[in-house]
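Novice: just need the structure, nothing else, for what follows:
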Amino acid sequence: MDPARKRRVRLIVALTAALLLAGALVYTSFSAATEARKPSQILGQSDSGRSYELTGKVVNGSVSHRGETLLFRLRDRDGTKSVPVSYNGVVPDPFRDGREVIVSGKLEHGTFVGQRDSLVTKCPSKFTKKPGSKS
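Specialist: Okay, the predicted model is just below:
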């Protein structure tokens, strides 16, 4: 076989393999993703057994403990609808009333049950506009 043709065949095989691997990576990334929802969306149209990322603000005065389980309510950032949350796992230090959080889990019998160690607090300083800033 001609050496130039051999190199061309190797290049085509390598590029085809790279494209197939990239396509598999993109497919896996999107199919494994969970959909982020607000409490009003979870209450309105959630599918039983489907995982979501729930995002919202912790309702003031709603945080309590039942044994190792953390119980609280999350409300829409700009609304009044809220959903009760039951969570087990590591609780970040900045977690408190009024803090915006994200938790992954499923809605079960009207309560959002968070996956272990999925609770994340948002840092308000990263999401608020500083005085005098242009953007």
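Novice: let me see the ranges of the helices in the chain.
Specialist: Here the chain has its helices, by DSSP state H, at 3-31, 39-45, 124-127.
Novice: residue 67 and residue 87: what is the separation?
Specialist: 12 Å (CB to CB, to the nearest Å). To be clear about C-beta, it is placed using only N, CA and C from the backbone, and glycine gets the same treatment.
Novice: neighbour count: the two, which is higher?
Specialist: residue 87 (23 against 6; other CB atoms under 10 Å).
Novice: the more buried one against residue 111, yeah?
Specialist: No - applying CB atoms under 8 Å, one finds residue 87 not in contact with residue 111, separated by 10.3 Å.
Novice: what pairs with the residue positioned nearest the centre of the chain across the strands?
Specialist: Centroid check for the chain by CA atoms, centre = their mean gives residue 53 as the closest residue, at 3.9 Å. Using DSSP bridges, the beta-bridge partners of residue 53 come out as residue 36, residue 104.
Novice: right, and it touches residue 41 too?
Specialist: No - taking contacts as CB under 8 Å, residue 53 lies outside contact range of residue 41: 11.2 Å.
Novice: any weak-confidence spans in the protein?
Specialist: Filtered on pLDDT under 70, the chain yields the residue ranges 32-35, 44-48, 124-135.
Novice: same thing but at 80, please
Specialist: By pLDDT under 80, the weakly predicted segments of the chain are 1, 29-36, 43-50, 79-80, 123-135.
Novice: residue 122 is in contact with residue 100, correct?
Specialist: Yes - applying CB under 8 Å as the test, residue 100 and residue 122 come out as touching, 4.2 Å apart.
Novice: can you name the residues that contact residue 69?
Specialist: 86-88 (CB atoms under 8 Å, 6 or more residues apart in numbering).
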